[in-house]
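Asks: fold the following for me, if possible:
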Amino acid sequence: MASYAECGVIPLREIASALNPSPVGRRFVAILRFFADESYDSDPQSKTGMSFYDADRKHSVYVPRTYVVGGFISDETIWENVERQWRAENERAGVKHYHATEVNAYAGEFKDWDGDQSIQYSKNLVGILKGQGRRLHAVTCALWASDYYRLISAEGRRKFGPPYIGCFKTCVAMIAQAMDVGGFQPEDKFAVILHRSDFEKEAVELFYKMKDSVEWPYHNRLATCAPGSCDDFTPLEAADLIAYETFRIVNDGATGDGVRKALASMFDANGFMGYGIDGERLERLKEPMESAVCIDNGFVPIFRQFQVP
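Replies: So this is what the prediction gives:
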């Protein structure tokens, strides 16, 4: 259930050392939690997207230009800190939940806000995340979906999956492999809580197939996977923030100075792992993806290069 890809990432060493600061004494198995959300351009009128004919559904389907799945991973102590402070900030701002698109579009709970309110609210939330330091890691995968449907055959897409599934399992694969090189004990694992979506059932099923796939060398790192909402899990709001900010970089073509201040300010504070599957990388993945012998959605990236700071 595994095949080829390459990526440069920062392993989760800071989290591992915090969980096991000393080899002396009793140690409990660590279960990290990864909260994940999605972001993509969903406007069918957008010039950046495209349409294709889905033979299974018998109609034309809008394909976003770019698709992102992203979130944060950490241990229980850090998530308790984030949840307590995040809820307090929502209460101060007089809103129930953070929603990235609504904050930026002044919609929903934020329809009567002005720019100063939005900036201060976002700044305060980012400050909560930055305050956790390298024990809070962002993990994101971006797929240039329009390139994916243009370059990869139907057979290859069957093996990698729809854009959400491809991005989701790439995040899972990055975390699992990073734990192996990042100082974690062999028994340490991570659980996934993903924001509810049209693909939640498919994603959960895939997670457990990856967990049961003994031929995939990192299957032992996977614990549990379940969908949820912001009503149930406040950290999903943080996942919404990082998924949206990553999408803005990818979809707007912003690099360097084009990165929005909210995200740029986190680079020196938090850990980051990211993988972008653009047209150039898809060209390299085309042959191994299309020739792989695997089940539906079974092509899983193996990351050959980990860069340790």
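
Asks: can you give me the helices in the chain?
Replies: Secondary structure of the chain (DSSP state H): helices at 13-19, 76-93, 100-105, 115-130, 145-151, 154-160, 163-181, 200-212, 235-252, 261-264, 279-291.

Asks: quick one: residues contacting Glu109.
Replies: Residues in contact with Glu109 (CB atoms under 8 Å, 6 or more residues apart in numbering) are Val95, Lys96, His97, His99, Glu102. Just so you know, the C-beta spots here come from the backbone N, C-alpha and C atoms, and that holds for glycine as well.

Asks: mind doing that once more with 6 Å?
Replies: For Glu109, the contact set (CB atoms under 6 Å, 6 or more residues apart in numbering) comprises Val95.

Asks: with Ile73 instead?
Replies: Listed by CB under 6 Å, 6+ apart, the contact set of Ile73 reads Leu32, Phe34, His137, Val139.

Asks: looking at the residues you listed, which is nearest Asp252?
Replies: For these, the residue nearest Asp252 by CB to CB is Val139; the value is 20.9 Å.

Asks: so what's that closest one bridging to?
Replies: Val139 has these beta-bridge partners by DSSP bridges: Gly71, Met273.

Asks: and if you look at the one 4 residues further on?
Replies: In this entry, Leu143 is beta-bridged to Tyr67, Ile277, by DSSP bridges.

Asks: so it versus Gly271, what's the distance?
Replies: Distance of Leu143 to Gly271, given as CB to CB, to the nearest Å: 22 Å.

Asks: what's the spacing between the residue nearest to the spatial centre of the chain and Gly94?
Replies: By CA atoms, centre = their mean, the chain has its centre lying nearest to Gly70, at 2.0 Å. Distance, Gly70 to Gly94, using CB to CB: 27 Å.

Asks: same question, Ala145
Replies: When distance is defined by CB to CB, Ala145 is 36 Å away from Gly94.

Asks: what about the nearest residue to Tyr164 once chain neighbours are set aside, distance to Lys130?
Replies: Nearest non-adjacent residue to Tyr164, counting by CB to CB, 6 or more residues apart in numbering: Phe199, 4.4 Å away. Between Phe199 and Lys130 the computed distance is 31 Å (CB to CB).

Asks: also Val181?
Replies: Distance, Val181 to Lys130, using CB to CB: 25 Å.

Asks: Ser153 too?
Replies: 43 Å.

Asks: those two - which one has more neighbours?
Replies: Remark: of Ser153 and Lys130, Lys130 carries more neighbours, 15 against 11, as counted by other CB atoms under 10 Å.

Asks: just for the stretch 201-309 of the chain, where's the confidence low?
Replies: 253-259, 304-309 (pLDDT under 70).

Asks: same thing but 90
Replies: Counting by pLDDT under 90, the stretch 201-309 of the chain has low-confidence residues at 248-268, 274, 301-309.

Asks: cool, the stretch 1-150 of the chain as well?
Replies: For the stretch 1-150 of the chain, the stretches flagged by pLDDT under 90 are 1-30, 40-66, 104, 146.

Asks: list the buried residues for stretch 95-105?
Replies: Val95, His97, Tyr98, His99, Ala100, Glu102, Val103 (16 or more other CB atoms under 10 Å).

Asks: for the longest strand along the chain, buried residues please.
Replies: Counting residues, the longest strand found in the chain (DSSP state E) is strand 31-40. For strand 31-40, burial by neighbour count (16+ other CB under 10 Å) applies to Leu32, Arg33, Phe34, Phe35, Ala36, Asp37, Glu38, Ser39, Tyr40.

Asks: which helices and strands does it pack with?
Replies: strand 67-74, strand 189-195, helix 235-252 (3 or more CB pairs under 6 Å, 6 or more residues apart in numbering; DSSP states H and E).
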